[in-house]
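**Student:** Provide a 3D model corresponding to the input given below.
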Amino acid sequence: MLFAGTLLILEIYLERFTASQQQANLRSRLEAVAGVLAGESIGLDRQEWVRTASARSGLRIAILTRDGSVLADSGGDGWSEMSVVRTLTVLEPPAAKLRVSAPLRQIDDVVTGLRLRLLGAALVSTLLAAAVALLFLRSFSRRMERLKHYVEGLLDAHLPDAELPAGDDGLGELARSLRRTAPQIRDLVQRLQVEGAQREAILSSMVEGVLAVDKNLRVTFCNESLARTLGARTPVPAGIPLTDFIRDPGLLDIVARVLNQGGPVEQRLTLASTDAHSFEVLASPLEGPSGRGALAILHDITKLERLERVRKDFVANVSHELRTPLASIRGYAETLLDGALDDSDHNRKFVEIILAHSIRLNNIASDLLIISDLESAQAATAQPRPVPVRVSMESALRTVESSARVRQVRIVAGAMDDVQVLGHELRMEQAFVNLLDNAVKFNKPGGEVRIEVKRVDNRAVIEVADTGVGIPSEDVPRIFERFYRVDKARSRDVGGTGLGLSIVRHVVEQMAGSIQVQSQLGKGSKFIITLPAAPQIEPAVL
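**Tutor:** All right, here's what the predicted structure looks like:
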């Protein structure tokens, strides 16, 4: 296109230049002829002279009066011509003028011929230039294609290296530069891929929930932990609006504050969509190629808060349980010191009360030590051994037998299958003692406690049922909590610490078992313990 435009401009310039030169040449000729003819004698026959002069010069000759009237003319009308006027030297008639003219079509013919030759030359030149340009473009396209394949293959280690274009021009220099930097680019990309995969694996396997959004509040990353917590399907697609993924206004507000303020935000939050789970949310700005985003890490502290509440309740319950016997011991001791030692009617009674409360304090301390031992790491890692359930139950029965006789409660042993479980004999016997002791203490005079040990498939099922006071249905879920008592006054009267059933639960759970309670108020309760049976070892055949 540039070449054709240049030729067009050149053609216009040459045409104008040629026309100008032709016009100058024609004017010079006209002036020369006019100078020669102006000196000739015309005579009387002006028209004859005009024709003769026109024939000799090949130009149009005319004689004019001073006012421009034609006296004689060798040509006709309709000419487009160039003329030169000279005053005749021989004045015939007086004051006459000679006009010498030539038609301009001669110049037009010359210009037209030049135009045709220029157009022909331009056409040939354009065709040659187009052919050269086409060859160049084909060569350049092939070199660019090879360069493109080479660049595309840089990021794919499985593709062989493409042939790079050669040459001393800029494209060849670019190809040589790419060849030099290709190993570095591949190494950098591989390192980035490995680091990206490692970060992806770390974030995906984190227990904490991780959420990343861009400046438009669209999710760019969400690990499986957070998706499971929020009940969303995994994997969470990148690019979805955050409001389509999380509806909690508190979390949305935290992320929005990070984007608006550009600083970190730390806040404790309870998400209603997660069954009231509590989270410690740490959100901070995340710089990216498309602008500032936000990264939020959600640490589930629900269990920590529950443990903190349990710890506070435990401290409060222990303090409450210890306060009463300690106050009684102190009060009766002060009474004795104030003179009651000499009161023979009451001093023995006071000492017996002090002794009873001391025994209760000792029982509480003993049960607390048992629970502490059960929750210790050493107890969790202790090697279990096969324990015969019937033997442990019979030992527990002998322990509570005297207490049952005193309270007029009959203990009935039903089916007692010979089944073994993996555990610790002392702890299991202690759990049975606590169950039987509760069944006796919270029974009625003349009541009954029934015991059964059965093997059901690969499990040992132990049932302890009583005909006692029973447990209200609203209290059943909490009876295994520490220091929880259904009837606090009765429990203290019978010497309970409020820790017995908690110990039972710990022992059963350490043996990978479960415990269930069935109870009716005023009719009694049944505790059902299910433990996995130990594998039986066949005796060796001699």
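**Student:** So what touches stretch 402-420?
**Tutor:** With C-beta atoms under 8 Å, 6 or more residues apart in numbering as the contact definition, stretch 402-420 has outside contacts at 386-390, 393-394, 397, 400-401, 436-437, 439-441, 443-455, 460, 533-534, 536. For every residue, glycine as well, the C-beta is placed using N, CA and C.
**Student:** Now, these that are in strands?
**Tutor:** Members of the contacts of stretch 402-420 lying in strands (criterion: DSSP state E): 386-388, 448-455, 460.
**Student:** State which strand of the chain is the longest.
**Tutor:** The chain, longest strand under DSSP E: strand 277-288.
**Student:** Strands along the stretch 1-150 of the chain, start to end?
**Tutor:** Secondary structure of the stretch 1-150 of the chain (DSSP state E, counting those that start in this stretch): strands located at 60-64, 70-73, 81-87, 97-103.
**Student:** Wait, residue 461 touches residue 533, no?
**Tutor:** No: contact between residue 461 and residue 533 fails when scored by C-beta atoms under 8 Å: they sit 9.7 Å apart.
**Student:** what about residue 210, neighbour count?
**Tutor:** 18 (other C-beta atoms under 10 Å).
**Student:** Need the three-state assignment for it.
**Tutor:** Secondary structure, DSSP: H, G, I helix; E, B strand; the rest coil: residue 210 is strand.
**Student:** what is it paired to in the beta sheet?
**Tutor:** residue 297 (DSSP bridges).
**Student:** Contact partners for it?
**Tutor:** Counting by C-beta under 8 Å, 6+ apart, residue 210 has contacts 203, 221-223, 225-226, 295-298.
**Student:** Sheet partners, orientation included, of the longest strand of the chain?
**Tutor:** Counting by DSSP bridges, strand 277-288 is paired with strand 265-271 (antiparallel), strand 291-300 (antiparallel).
**Student:** got the buried residues for that strand?
**Tutor:** 277-283, 285-286 (16 or more other C-beta atoms under 10 Å).
**Student:** Going by neighbour count, which of the contacts of residue 210 comes out on top?
**Tutor:** That'd be residue 222 among these, by other C-beta under 10 Å, with 27 neighbours.
**Student:** In this structure it contacts residue 245, no?
**Tutor:** Yes: using C-beta under 8 Å, residue 222 is in contact with residue 245, at 7.2 Å.
**Student:** anything in contact with each of these two?
**Tutor:** 232, 236.
**Student:** Now the residue positioned nearest the centre of the chain: closest residue in space, sequence neighbours ignored.
**Tutor:** Among the residues of the chain, the one closest to the centroid is residue 221, at 1.0 Å (C-alpha atoms, centre = their mean). Closest residue to residue 221 apart from its sequence neighbours, by C-beta to C-beta, 6 or more residues apart in numbering: residue 212 at 4.1 Å.
**Student:** mind listing what that neighbour touches?
**Tutor:** With C-beta under 8 Å, 6+ apart, residue 212 has these contacts: 219-222, 286, 293-296.
**Student:** you'd agree residue 314 is up against residue 482?
**Tutor:** Yes: using C-beta under 8 Å, residue 314 makes contact with residue 482 at a distance of 5.8 Å.
**Student:** what about the residue nearest to the centre of the chain, distance to residue 245?
**Tutor:** 12 Å (C-beta to C-beta, to the nearest Å).
**Student:** Kindly tell me how buried the spatially closest residue to residue 54 that is not a sequence neighbour is, as a neighbour count.
**Tutor:** Using C-beta to C-beta, 6+ apart and skipping the chain neighbours, the partner closest in space to residue 54 is residue 74 (3.5 Å). Burial of residue 74 is recorded as 19 neighbouring residues (other C-beta under 10 Å).
**Student:** got it, and residue 71?
**Tutor:** If you count neighbours by other C-beta under 10 Å, residue 71 ends up with 15.
**Student:** Kindly report the same for residue 64.
**Tutor:** Residue 64: 18 neighbours (other C-beta under 10 Å).
**Student:** For residue 447, give me its contacts.
**Tutor:** 408-410, 466-468, 524.
**Student:** Among these, the buried ones, what's the ChimeraX command?
**Tutor:** The ChimeraX selection below is limited to those of the contacts of residue 447 classed as buried (16+ other C-beta under 10 Å):
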select :409,466,467,468,524
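**Student:** Name the nearest of the contacts of residue 447 relative to residue 358.
**Tutor:** residue 409 (26.6 Å; C-beta to C-beta).
**Student:** where's residue 299 relative to residue 437, distance?
**Tutor:** Following C-beta to C-beta, the distance that separates residue 299 from residue 437 is 43 Å.
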